[in-house]
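Trainee: Any chance you could fold what I've pasted below:
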Amino acid sequence: MSGSIADAELAARIADAGGRILVALRDSATLSGKALGAAGDETANAFILAALRANRPEDGILSEESADSAERLGRSRVWIVDPLDGTREYSEGRGDWAVHVALAVDGVAIVGAVAQPGTGLFRSDAPPTLPDPAAKIVVSRSRPPESATRVAAALGLDLLLMGSAGAKAMAVLRGEAVAYLHAGGQHEWDSAAPVAVCAAAGLRVSRLDGSPLRYNQADPYLPDVLICHPAWHERIRSALDALTPAA
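Mentor: Reported below is the predicted structural model:
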């Protein structure tokens, strides 16, 4: 990967290759459980950072698996990556994990690729046509937020439980749910690539209160996200507004 390759193509190639590396590591059967998850995080991170530094040496990088540096705050262009989103699911042999590679420019995630081996490679420069969505809200399988449960009940929707943020966002893209609603804690690397891909496809992306998602902030904590089919956006936002502050 070198030369004048476009940002979106670079993101897609890196995410795809990272996913293949992780599949090969898991298939090697030399590790399992937490040791496999840790090795996956480390291996994918090393590959992604090396590829980005070789191809975009002037850009900043924010990765879940590397020490953060304030140096990125002075850069207009910052790559935000989660080398293995859904480490637990990966180590358990599940399919709901992903590799995230995103580029934020002046705080906006404008380029993204989400590789979900066995399911697909989703990229911001080749967004799919949105299908009619199933009447579900996709949420974390380990900590579904009360707000999502209450919104689903108010709108007559079922809950769909999944692992990684990337897998959940891509489920909305594929029409398996009307929205992905998360509250209670995330970081920029959890949502940057999925948000770029989903926004390019025409899904509505925001914080739960409707405010825009901002990236490359001094504190990368970004606690909530709403990724929603446009036909359902107003109904879900109204249901969220109707919740009590304690929810």
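Trainee: biggest helix in this protein by residues?
Mentor: Secondary structure assigned by DSSP state H gives helix 33-55 as the longest helix of the chain.
Trainee: Centre of the chain to that one, how far?
Mentor: Counting by CA atoms, centre = their mean, to the nearest Å, helix 33-55 is centred 17 Å from the centre of its parent chain.
Trainee: So which residues make contact with that helix?
Mentor: Applying CB atoms under 8 Å, 6 or more residues apart in numbering, the contact partners of helix 33-55 are 1-2, 5, 10, 14, 17-18, 21-22, 25-26, 31, 59, 61, 63-66, 79, 81, 83-84, 87-88, 90-91, 99, 101. Yep, even glycine has a C-beta here, placed from its N, CA and C like the rest.
Trainee: mind running it again at 7 Å?
Mentor: 1-2, 5, 10, 14, 17-18, 21-22, 25-26, 31, 61, 63, 65-66, 79, 81, 83-84, 87-88, 90-91, 99, 101 (CB atoms under 7 Å, 6 or more residues apart in numbering).
Trainee: now swap in stretch 86-99 and tell me
Mentor: Outside of stretch 86-99, the residues within contact range by CB under 7 Å, 6+ apart are 15, 18-19, 22, 26, 33-34, 36-37, 40-41, 44, 83-85, 114-116, 118-119, 162-164, 166-167.
Trainee: same check, this time on stretch 211-230
Mentor: With contact meaning CB under 7 Å, 6+ apart, stretch 211-230 is reached by 62, 68, 72-73, 78, 80, 104, 107-109, 130, 133, 169, 172, 178-188, 191-192, 194-195, 198, 202-208, 236.
Trainee: quick revisit: tell me the mean pLDDT over the helix or strand following the longest helix of the chain?
Mentor: Using DSSP states H and E, the helix or strand that follows helix 33-55 in sequence is strand 60-63. The average pLDDT within strand 60-63 is 98.
Trainee: One more: stretch 147-163?
Mentor: Confidence for stretch 147-163, expressed as mean pLDDT, is 96.
Trainee: List the buried residues for it?
Mentor: Under the neighbour-count criterion of 16 or more other CB atoms under 10 Å, stretch 147-163 has 147-148, 150-152, 155, 157, 159-160, 162-163 buried.
Trainee: before we move on, what about stretch 182-191?
Mentor: Residues of stretch 182-191 classed as buried: 182-183, 186-191 (neighbour count, 16+ other CB under 10 Å).
Trainee: could you dump it to PDB, C-alpha only?
Mentor: Extracted in PDB, the C-alpha atoms of stretch 182-191 (Å, rounded to 0.1, in the frame of the first residue of the first chain):
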ATOM      1  CA  HIS A 182     -26.000   3.100  22.800                       C
ATOM      2  CA  ALA A 183     -25.600   4.900  26.100                       C
ATOM      3  CA  GLY A 184     -23.300   4.500  29.100                       C
ATOM      4  CA  GLY A 185     -19.900   4.700  27.700                       C
ATOM      5  CA  GLN A 186     -17.800   4.500  24.500                       C
ATOM      6  CA  HIS A 187     -14.800   6.100  23.000                       C
ATOM      7  CA  GLU A 188     -14.100   7.700  19.600                       C
ATOM      8  CA  TRP A 189     -12.600   4.600  18.100                       C
ATOM      9  CA  ASP A 190     -15.800   2.600  18.800                       C
ATOM     10  CA  SER A 191     -17.900   4.800  16.600                       C
END
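Trainee: Would you show me how to pick out the buried ones of the contacts of helix 33-55 in PyMOL?
Mentor: In PyMOL syntax, the buried subset of the contacts of helix 33-55 is picked out as below (16+ other CB under 10 Å):
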select buried, resi 10+14+17+18+21+22+25+26+61+63+65+79+81+83+84+87+88+90+91+99+101
